[in-house]
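Participant: with the sequence up front, the predicted model follows.
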Amino acid sequence: MRTKGQIIIFSTGVHLQSVECAIDGKKQWRWVAIGFEDENFLNGKAINPVEYAEKQKNLVEKFQDE
């Protein structure tokens, strides 16, 4: 899928979008996750990854033990 010059693809469990960025002053294209599906884990525990956040620690929402 193309949107405004960008490409969006689906890979197992994640939607990726192409984004142009500058790394060390050099322009290049990179894939950025814009959505997640299925189960996700961090250190063996189920989590909900968040697509964007103001702080790195807020990119992962941990589930409360039941």
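Facilitator: Good, I have the coordinates. Numbers count the residues shown, from 1 in each chain.
Participant: show the low-confidence segments of this structure, by residue range.
Facilitator: For the chain, residues meeting the criterion pLDDT under 70 lie at 1-4, 65-66.
Participant: what ranges do the strands span in it?
Facilitator: All strands of the chain, identified by DSSP state E, fall at 2-3, 6-11, 14-23, 26-36, 40-42, 45-49, 60-62.
Participant: how about TSV for these, with mean neighbour count added?
Facilitator: Backbone N, C-alpha and C define where each C-beta goes, glycine included. Below are the strands of the chain laid out as TSV (neighbours: other C-beta atoms under 10 Å):
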stretch	mean neighbour count
strand 2-3	8
strand 6-11	12
strand 14-23	13
strand 26-36	12
strand 40-42	12
strand 45-49	13
strand 60-62	12
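Participant: bridge partners for the closest residue to K62 other than its chain neighbours, pull those for me.
Facilitator: Spatial nearest neighbour of K62, excluding adjacent residues (C-beta to C-beta, 6 or more residues apart in numbering): I47 at 5.5 Å. When assigned by DSSP bridges, I47 has beta-bridge partners N40, K62.
Participant: if I look at F36, how far off is I23?
Facilitator: To I23, F36 is 24 Å away according to C-beta to C-beta, to the nearest Å.
Participant: L16 too?
Facilitator: On the measure of C-beta to C-beta, L16 and I23 end up 18 Å apart.
Participant: now the residue nearest in space to the middle of the chain, which residues is it bridged with?
Facilitator: In the chain, the C-alpha nearest the mean C-alpha coordinate belongs to A33, at 2.6 Å (C-alpha atoms, centre = their mean). Bridge pairing for A33 (DSSP bridges) gives the partners L16.
Participant: so it is in contact with H15, correct?
Facilitator: Yes: assessed by C-beta atoms under 8 Å, A33 is found in contact with H15 at 7.1 Å.
Participant: next up, the contacts around V60.
Facilitator: L42, I47, N48, P49, V50 (C-beta atoms under 8 Å, 6 or more residues apart in numbering).
Participant: the second one: what's it in contact with?
Facilitator: With contacts defined as C-beta under 8 Å, 6+ apart, the neighbours of I47 are N40, F41, V60, E61, K62, F63.
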